[in-house]
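Engineer: Model the structure of this input:
(one chain, ligands or ions: 1)
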Amino acid sequence: MKKILPFHLIIGIVLILVSCQTKKENATRSTTNTNQNIEAKIDSILPRLTLEEKVDLCHAQSKFSTKGVARLGIPEIWMSDGPHGVRAEISWDSWDYAGWTNDSITAFPALTCLAATFNPDLAGDYGFNLGEEARYRKKDVLLGPGVNIYRTPFNGRNFEYLGEDPFLASTLVVPYIKGVQKNGVAACVKHFALNNQEHWRDVVNVEVSDRALHEIYLPAFKAAVQKGNSWAIMGAYNKFRGQYTTHHKLLTNKILKSEWGFDGVVISDWSSTHSTLEAANNGLDIEMGTGTDGLGTTTENHYQHYYLANPFLEKLKSGEISEAVLNDKVRRVLRLRFRTNMKANRPLGSLNTPEHHEVARKVATEGIVLLKNDDNFFPIEDKAGLTIAVIGENATRSMTAGGGSSELKPQFEISPLEGIKARFKNAKVLHTMGYETGVSEYDVVHPPTLNQDSLKTEAIKLAKSADVVLFVGGLNKSHLQDSEGDDRQQYGLPFGQEALINDISNVNENLGFILLTGNAVAMPWLDRVKGLMESWYLGSMAGHAIADVVSGDVNPSGKLPFSFPKALEDNGAHAFGETSYPGVDMTQHYKEDILVGYRWHDTKNIAPLYAFGFGLSYTAFELENIASDKENYTKNAHIKIKCDVSNTGNLAGAEVVQVYVGKKDSKVDRALKELKGFTKVTLDKGEQKSVTIEVPVEALAFYNEEKSDWEIETGDYQIYVGNASNNISETLKITVK
Ligand code: GLC
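Structural biologist: Below you'll find the model as predicted:
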């Protein structure tokens, strides 16, 4: 007999439902109100501004700020680099640092490390905590994150970005931006678009198909704008199809502002603006860093000579450019202020707090990728009588200094050596540099000063005397390494490290390598080391994070956000000669097209040294009972992939279940498989959990160049489920009707 609820209970439930609905409406209404009354306020301000005042809102007044309108109480906008932390204060009108003593900050790990965590929640914590520091430093715009796709292992700035896969980058960039902007600070996603190398970055013209543009290079920007609601975006230096991307008819006006509905501000890169008419008519809103005397340096009162300054004013007065063009820019820069420094009740931010250090450490330990661990070389037990030799310049070299505009002045930076010494209190920890790189200023590398032979002799002597050797090497933030402004010029490790590793392993085979890089490198020495971890550039807490993993306090769970090709020519961008990289006569053709990274390796059947999505653990996991919820799906459905994950080892740990999708019989060329879903699951030893990963069918669409639109093909698809792009546990078949 059906039980009927007592009358008073029904009333109660109804009242609760009604109140929730009104709360939800109020919430939406209040958000809409905020948006509505922001637009209303902008409408009231616009007619009160003079033409000169409006034009002045659209270009720099100093290296990192733009004018306000003091007469009306409209504040200036202050910007600061960068993606991993708030850069030290720079002088008003030069690139020199201002020498402040209150601008030391928390250096968070480089974004490749964040990408390697495969953890969107952590990306949100990263953005929020970094945003707190930017807010405290009174910055209205944080010039990050960077989401240019990792196309070549030579790109000097790959360490600043989120790897080679557009889905991974899109999934992590959204919570990062939301986190930053919760502080009332605008994120400025960059560099829009196709700035995938540093070599000739300010002139190179990129030629790439519409398909690769939409399927590989734009998705992370689209997610940043449409899902992350980024309030700013930065144009790039390079050209695309012959036009500068900072003021590009197709990219900026059509795709970004019209199709994607971007309502924020387009900010140029520093000195990436090249034309008043294009800047005005192709959607540039704020011009920064232009060198007006042609030499890139500044002259007296040169801000009035900017493309969007006097020349713009003249064309407005002559009627060559309509004031409506100017008013759209002014609306956007005012909207930026109502979202930031003209927003009531903005939080106050905070600096160098224990929470910030904890988040920096957590991203670092979760991002470290264990690549090799023969004979359980790692973790290393801290015990009396054990002598550990730590060899390599990267054990002590600062990795927050250098690298270009993302460089930082941290309040502290725990080096790998300091971290290891702090954690290994019972063992004896010894260090020698082993090799030395030259000091590098922006674009000059000075030769090493110490005698390289004596450094090597010292290293071999120390290695011989130790029980275990930790080699801490890799690249660094010098010019022609992992640094802005130019690219690497060799795929192998520099500074004689390859020979040194061989010499060390000849005297002590109990050798592990802690590799600090932002890029893939050749590993001819791989069989000479027992253990290998990719340890990125980890910021302030680097040494503690490295020691956490080396000691086993933390079980590594990082997965590679980009492939490690065995040889450079195994990489898609380097398989077509100079026309593809770095370009010929300042034009380059992305001939690998959509087959970037693992897409190239899988489809061309070229096994990488280490694959995208790969990373070991100190424990072991099983993926089983993998199934889709249905066989057939309509185009607007969601595919639900279920999988049971068990921790079959004897240590708690985390695994990343990855879902790739392919279509072997497609009417167009496709990569064998593409990442379309993932989830990170933490399991105690012996524990099992069931996870479900949802993939919307529309995510299987390809970009149809004839229609200039996305198209979902009907028919069969392969669903690959595994814990690395080259370690698939099960392949399912589903059909789209
Ligand atoms: C640099 C970089 C950009 C940075 C800007 C300000 O050239 O390309 O990422 O935000 O200029 O330093």
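Engineer: Look up how far P75 lies from the residue in the stretch 101-250 of the chain that the ligand sits nearest to.
Structural biologist: Nearest residue of the stretch 101-250 of the chain to the ligand: L143, at 3.8 Å (CB to the nearest ligand atom). Just so you know, the C-beta spots here come from the backbone N, C-alpha and C atoms, and that holds for glycine as well. For L143, the distance to P75 equals 18 Å [CB to CB, to the nearest Å].
Engineer: Next: L511.
Structural biologist: Per CB to CB, L511 is found 57 Å from P75.
Engineer: who's more crowded, these two?
Structural biologist: More crowded of L511 and P75, by other CB atoms under 10 Å: L511, with 25 against 14.
Engineer: which residues in the stretch 201-350 of the chain form strands?
Structural biologist: Under the criterion DSSP state E, counting those that start in this stretch, the stretch 201-350 of the chain contains strands at 205-207, 232-235, 239-240, 243-244, 265-267.
Engineer: JSON lines for those, including mean pLDDT, mean neighbour count and distance to the ligand?
Structural biologist: Formatted as JSON lines, the strands of the stretch 201-350 of the chain follow (pLDDT from 0 to 100; neighbours: other CB atoms under 10 Å; distance: least, CB to the nearest ligand atom, whole Å):
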{"stretch": "strand 205-207", "mean pLDDT": "99", "mean neighbour count": "20", "distance to the ligand": "16"}
{"stretch": "strand 232-235", "mean pLDDT": "99", "mean neighbour count": "28", "distance to the ligand": "7"}
{"stretch": "strand 239-240", "mean pLDDT": "98", "mean neighbour count": "21", "distance to the ligand": "15"}
{"stretch": "strand 243-244", "mean pLDDT": "98", "mean neighbour count": "22", "distance to the ligand": "14"}
{"stretch": "strand 265-267", "mean pLDDT": "99", "mean neighbour count": "28", "distance to the ligand": "9"}
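Engineer: what's the closest of those to V596?
Structural biologist: Judged by CB to CB, the one of these that comes nearest to V596 is strand 205-207, at 13.5 Å.
Engineer: chain center to that closest one, what's the gap?
Structural biologist: Chain-centre distance of strand 205-207: 22 Å, with CA atoms, centre = their mean, to the nearest Å.
Engineer: which strands and helices sit next to it?
Structural biologist: strand 239-240, strand 587-589 (3 or more CB pairs under 8 Å, 6 or more residues apart in numbering; DSSP states H and E).
Engineer: Relative to V69, which of these is closest?
Structural biologist: Nearest to V69, of all those, is strand 239-240, at 34.4 Å by CB to CB.
Engineer: what mean pLDDT does stretch 660-672 have?
Structural biologist: The pLDDT scores in stretch 660-672 average 98.
Engineer: what do you get for stretch 64-78?
Structural biologist: What stretch 64-78 shows for mean pLDDT is 97.
Engineer: how about the strands in the stretch 501-650 of the chain?
Structural biologist: So, for the stretch 501-650 of the chain - with DSSP E, counting those that start in this stretch - the strands run 511-516, 531-534, 587-589, 621-628, 632-633, 638-647.
Engineer: sorry, back to before: quick one, which of the strands of the stretch 201-350 of the chain is nearest to L532?
Structural biologist: Among the strands of the stretch 201-350 of the chain, strand 205-207 comes nearest to L532, with 34.2 Å by CB to CB.
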